[in-house]
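Enquirer: below are the sequence and a predicted model; questions follow.
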Amino acid sequence: MQIDRELDVKGLNCPLPILRTKKALSEMVSGQVLRVLATDAHAVKDFQAFAKQTGNELLSTVELDQVFEFLFKRK
């Protein structure tokens, strides 16, 4: 899968990961993929709710060594 943009929000706590993700997605065009790296354990539920609210598709969520990787597809 092609990643069009990457956002590192490791070390940041809610609501900053959501706010920065929202800003990054707003600067992208429809269909592009954003990769977000986060360490906040609450990010999993936060990003699921964010995807439902905004209509941007959460393609995957993976955790590796306490770092969460989220792939979003811009609506």
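Expert: Happy to help now that I have it. Quick caveat: nothing in here was measured; it's all calculated off a predicted structure.

Enquirer: let me know the outermost residue of this structure.
Expert: Asp65 (17.5 Å; CA atoms, centre = their mean).

Enquirer: all strands for the chain, in order.
Expert: Remark: strands assigned in the chain by DSSP state E are 5-8, 33-38, 57-64, 67-73.

Enquirer: residue closest to the middle of the chain?
Expert: The residue lying closest to the centre of the chain (CA atoms, centre = their mean) is Val36, at 4.3 Å.

Enquirer: so who does the closest residue in space to that one that isn't next to it in sequence touch?
Expert: Take Val36 and drop its neighbours on the chain: the residue closest to it by CB to CB, 6 or more residues apart in numbering is Phe70, 4.4 Å away. In this view, the C-beta of every residue, glycine as well, is placed from N, C-alpha and C. By CB atoms under 8 Å, 6 or more residues apart in numbering, the contact set of Phe70 is 21, 35-36, 38, 43, 47, 58, 60-61.

Enquirer: who's Ser60 bridged to?
Expert: Here Ser60 sits in beta bridges with Leu71, as judged by DSSP bridges.

Enquirer: close enough to count as contact, it and Leu71?
Expert: Yes. Taking contact to mean CB atoms under 8 Å, the distance of 4.7 Å between Ser60 and Leu71 places them in contact.

Enquirer: from what I see, Val33 and Lys75 are in contact.
Expert: No. At 12.0 Å, Val33 and Lys75 do not qualify as touching, with contact defined as CB under 8 Å.

Enquirer: for those two, indicate the residue with more neighbours.
Expert: In terms of neighbours (other CB atoms under 10 Å), Val33 is the more surrounded of Val33 and Lys75; the figures are 17 against 12.

Enquirer: quick one on the thing from earlier: ok, the contacts of Phe70 vs Cys14, which is closest?
Expert: Proximity of those to Cys14, judged by CB to CB, is greatest for Ala43, which lies at 7.5 Å.

Enquirer: now the closest one: how far from Gln2?
Expert: To Gln2, Ala43 is 23 Å away according to CB to CB, to the nearest Å.

Enquirer: ok, now Lys45?
Expert: Looking at Lys45 against Gln2, where the rule is CB to CB, the gap reads 27 Å.

Enquirer: many thanks, have a good one.
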